[in-house]
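1. here you go, sequence then predicted model.
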Amino acid sequence: MHGMHTVLEAIQAGASGDDIGALPIPESYRAAFVKRDDVGMFEGVASEDKDPTKSLHVDEVATPELAPDEVYLAVMASSINFNTVWTSIFEPLPTFGFLDRLGRESEWAKRHALPYHVVGSDASGVVLRVGSAVRNWKPGDKVTVHCNYVDDQDPSAHDDSMLAANQKIWGFETNFGGLADLAVVKANQLMPKPTHLTWEEAAVNALCNSTSYRMLVSDNGARMKQGDTVLVWGATGGIGAYAIQYVLNGGGTPIGVVSSPERAEILRSMGCEAVIDRAAEGYRFWSDEHTQDETEWRRFGKKIRSLVGDDPDIVFEHPGRSTMGASVFAVKRGGTVVTCAATSGYMVEFDNRHFWMKLKRLVSSHFANYAEAWAANRLIDQGRIHPVMSQVYPLTEVGAAARSVHRNEAEGKIGVLCLAPTEGLGVDDHHKREVVGEAALRRFRR
Ligand code: NAP
C-alpha cells in the first residue's frame, strides 16, 4: 500500500519517466480478486441471485515477477466488464480452470495458477517498469490496455491473432488483471491513452469499444457499409452503446433496442432516431421454455420496418438464447447477424428455413486483435467515438459495481477508480476536450 502511494505521489507530481522508472516496485499491491476456496459458494442459488459483493474481495496480494515481454502498470482506473460478472458468479465455469491451463504453458505462465484470481480486463495508467524485451514503451508512458493476450512465438498468432490457438482474455483467462492498483500486462497490449480524457473515461473503452469495432467495422466482422441499417440489441449497454456510435460514424442507420423510456431517451440524444423499447412492446419470443413464437418474430420485424422502412442489413446480437431466433428472422435477405455473446443463455435456436432460404449469414466475433483495438482506440483519441461511462465506483466497492452490471441496472460502462484518488484527473489536452465537448463525453453520466 505504502509503495503504491509513493508511485501515486510521483505521478501526481508529474515526475519524469526516469524518476518513475527508478521507483521501487512494492512487494504487494491492492487488488480485487475471487478465491479458489469460494468456487462452490453459490451452489443451488439461482443465477440472477448470485451476488458479486459476496465473492469479490479487495485486499493486498503479492506482486509477481515481471517477464521480459511485460510491463508493470500503475493502474489509475479500470472498468467493470461482463466477464468480471461471470468470474464473480463462477459461471458458466469457474475461471480457475483457465488459470491452471495457462499455468501449464510455460515457466512464466506458472505464475498465474494461484489460489486467487485478480480480475479486470480494462485499465488506464502509467508504465512503471518494462521487461528487458520491451522496445516501444518506457516508464512514465500514459497508456490504455486492451485485453487480447497472445503468445507472439506461436505461429497461429500471426495472421489474425484472435485465431491464435492459445489466445486468452487478460484479467479473465489470465491473472493480474486491471481491477487493482498495479497490473502485469504484455507490451503488445498497450495503446496510447487518449489525451483529452480523464483516467476513468480512458479506462472504460478498450474491451467494449474494440469488440464493437471488430463486430461491425472490421473485415473480420459484419463489414458495415455506408447506408446500412443496423439493429443493435442492448443499445445503451457496454458494447451496444459503442455499436450505435459506429453505425452513426460510418454513415448507417441504427435501430436501438432498450428496455426503458430513460434508455430510449439516451439513444435519441446520441442521434439514434429509431428506437424500440422491448419492455413496452412486451415481446415474448419464447412462449414457453421450449417453444418460440414466430408471430412475435413477425411483430418485431414489422416494428423495425415501421421505423426504418426496411429489414436490417445487420443485427448486432449478444443476448443469445432470448433473441437469436428473432434476430435471424428479422435480418434482411442476404443480411448478417454478428454475435459475440449469450447473456441470456448460450444454447440458441433459430429457424434454419428462414436462414438458408434467404441466404443470411451468421458471423461469430470475439474481442479484437491488436490492430483492431489500436484502430478503435485511435477513433476515441480523435474524438470520433466517445466513452460511455455512466457511473464511477471506488475499487473498494467493486462488488457493488459488478452486481449492478449483473442486474442490468447500469447504462454504458462503469468506471472504477484504482490509484486515481478522485474523478476528473488525467486530462492532458484541455483544448481537444473543449472541441470534443463535455456534452458528448458526459452523455451517459448519471
Ligand atoms: P451490459 O452493459 O450489461 O449490456 C447488455 C445489454 O443487453 C443490457 O443493457 C440490456 O439492454 C440487454 N439485454 C440483457 N438481457 C437481454 C435479453 N434477455 N434480451 C434482450 N436484451 C437484453 O453488457 P455488455 O458489456 O454490453 O456485454 C453484453 C454481452 O456481451 C455480455 O454477455 C458480455 O459478456 C458479452 N461481451 C463479449 C465480448 C467478446 O469479446 N466476446 C466483449 C464484450 C462483451 P436493455 O435491457 O436495455 O434491452
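-> Alright, I've got the coordinates.
2. quick one: low-confidence ranges for the stretch 1-150 of the chain?
-> Applying pLDDT under 70 to the stretch 1-150 of the chain picks out residues 1-2.
3. ok and the residue in it nearest the ligand?
-> Of all residues in the stretch 1-150 of the chain, F82 sits closest to the ligand, at 3.2 Å by CB to the nearest ligand atom. C-beta coordinates here come from the backbone N, C-alpha and C atoms, glycine included.
4. and the longest strand seen in the chain, anywhere near the ligand?
-> Using DSSP state E to define each element, the chain has its longest strand at strand 70-79. No: taking CB under 6 Å from any ligand atom as the criterion, strand 70-79 and the ligand are apart, separated by no less than 9.5 Å.
5. quick one: list the elements packing against that strand.
-> helix 2-12, strand 123-130, strand 182-186, helix 199-203, strand 413-417 (3 or more CB pairs under 8 Å, 6 or more residues apart in numbering; DSSP states H and E).
6. follow-up on the earlier one: what's the closest non-adjacent residue to the residue of the stretch 1-150 of the chain closest to the ligand?
-> Distances taken as CB to CB, 6 or more residues apart in numbering place V405 nearest to F82, at 6.3 Å, with adjacent residues excluded.
7. can you list the domains in this protein?
-> As given by automatic domain parsing, the domain ranges for the chain are 3-208+369-441, 222-364.
8. need the ones you listed in CSV (columns: mean neighbour count).
-> Listed next are those as CSV, based on neighbours: other CB atoms under 10 Å:
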stretch, mean neighbour count
domain 3-208+369-441, 20
domain 222-364, 19
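9. dump those to TSV, plus distance to L216.
-> Converted to TSV, the domains of the chain look like this (distance: least, CB to CB, whole Å):
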stretch	distance to L216
domain 3-208+369-441	11
domain 222-364	5
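10. picking up where we left off before, quick one: closest of the helices and strands packed on strand 70-79 to V232.
-> Proximity to V232 (CB to CB) singles out strand 413-417 among the helices and strands packed on strand 70-79, at 15.7 Å.
11. adjacent strands (with direction) for the closest one?
-> Strand pairing for strand 413-417, using DSSP bridges, gives strand 70-79 (antiparallel), strand 389-394 (parallel).
12. name the surrounding residues that touch that strand.
-> For strand 413-417, contacts defined as CB atoms under 8 Å, 6 or more residues apart in numbering pick out 76-80, 120, 179, 199-201, 203-205, 208, 238, 241, 387-395, 398, 401, 404-405, 423, 444.
13. distance between the ends of stretch 164-175?
-> Across stretch 164-175, the terminal residues are separated by 19 Å (CA to CA, to the nearest Å).
14. residue numbers of the stretch 301-446 of the chain in contact with the ligand?
-> For the stretch 301-446 of the chain, the residues in contact with the ligand (CB under 6 Å from any ligand atom) are H318, P319, S322, T323, C340, A341, T343, S344, H366, F367, V405, N408.
15. list the contacts for the last one?
-> Contact partners of N408, counting by CB under 8 Å, 6+ apart, are S259.
16. and if you look at the second one?
-> Listed by CB under 8 Å, 6+ apart, the contact partners of P319 are W233, G234, A341, A342, T343, S344.
17. contacts for stretch 278-291?
-> Stretch 278-291 has contacts (CB under 8 Å, 6+ apart) with 257-261, 292-293, 296-297, 299-300, 303, 322-323, 325-326.
18. and the next helix or strand past the longest strand of the chain?
-> Under the assignment DSSP states H and E, the closest C-terminal helix or strand after strand 70-79 is helix 82-89.
19. now for that next one, which elements pack on it?
-> Packing partners of helix 82-89 (3+ CB pairs under 8 Å, 6+ apart): helix 52-55, helix 398-406.
20. now the angle between strand 70-79 and the longest one, please.
-> Per axes from the mean of the first three to the mean of the last three CA atoms, to 10 degrees, the angle that helix 398-406 makes with strand 70-79 is 60 degrees.
21. elements contacting helix 398-406?
-> Counting contacts by 3+ CB pairs under 8 Å, 6+ apart, helix 398-406 packs against helix 52-55, helix 82-89, strand 389-394, strand 413-417.
22. 7 Å instead, please
-> In terms of contacts (3 or more CB pairs under 7 Å, 6 or more residues apart in numbering; DSSP states H and E), helix 398-406 is packed against helix 52-55, helix 82-89, strand 413-417.
23. so which of the contacts of stretch 278-291 sit within helices?
-> If you go by DSSP state H, the contacts of stretch 278-291 have P261, E296, W297, R299, F300, K303, G325, A326 in helices.
24. what's the farthest-apart pair in these?
-> P261 and G325 (26.3 Å).
25. for the stretch 101-250 of the chain, what lies in contact range of the ligand?
-> L207, C208, T211, W233, G234, T236, G237, G238, I239, G240.
26. any idea how far E27 is from G383?
-> Using CB to CB, to the nearest Å, G383 is found at 41 Å from E27.
27. let's have the ones in helices among the contacts of stretch 278-291 in a markdown table, adding distance to K432 and pLDDT.
-> As requested, those are exported to a markdown table (distance: CB to CB, whole Å; pLDDT from 0 to 100):
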| residue | distance to K432 | pLDDT |
| --- | --- | --- |
| P261 | 34 | 98 |
| E296 | 47 | 98 |
| W297 | 45 | 98 |
| R299 | 46 | 98 |
| F300 | 41 | 98 |
| K303 | 40 | 98 |
| G325 | 45 | 98 |
| A326 | 41 | 98 |
